[in-house]
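>>> Here is a sequence with its predicted model. Questions after.
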Amino acid sequence: MTIDNVVLVHQFCIYHQVEMSFIDSLDEYGLISIKVINEDKYLLMEDLKAIEKMAQFYYDLGINLEGIDVITNLLIQNDHLRKELEVAHNKLSLFGDGVVGK
């Protein structure tokens, strides 16, 4: 892990106007992973979009951590199933010469 692919939790909180305790709660609940480098807390860049979405659920929609956990797991499962369906559709289209979807 390099310093290039992380963001300070403090900076994230200021930019998105969220409390540090919210980020700590997400970490404690196992929804995200905070990295500590030289006593500073960091978030991985690849997790930022998901964390922004969780903050929106929490602050804008009033959804608690348990609800965020459920929603996050359902979104992950939905994405996985969508990808599986796409692979199956592509395989079927090879055999049906475009018959799928007609």
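On my side now, so go ahead.

>>> Show me where this protein has its helices.
Here the chain has its helices, by DSSP state H, at 9-16, 20-29, 48-55, 65-96.

>>> And the contacts of the longest strand belonging to the chain?
Secondary structure assigned by DSSP state E gives strand 40-44 as the longest strand of the chain. Strand 40-44 has contacts (C-beta atoms under 8 Å, 6 or more residues apart in numbering) with 1, 5-10, 12, 23, 32-36, 51. All C-beta spots, glycine's among them, are computed from the backbone N, C-alpha and C.

>>> Considering helices and strands only, name the one in the chain with the lowest mean pLDDT.
Sorting the helices and strands of the chain by mean pLDDT, DSSP states H and E puts strand 35-37 at the bottom, at a mean of 91.

>>> Show me what that strand is packed up against.
If contacts are counted by 3 or more C-beta pairs under 8 Å, 6 or more residues apart in numbering; DSSP states H and E, strand 35-37 sits against strand 40-44.
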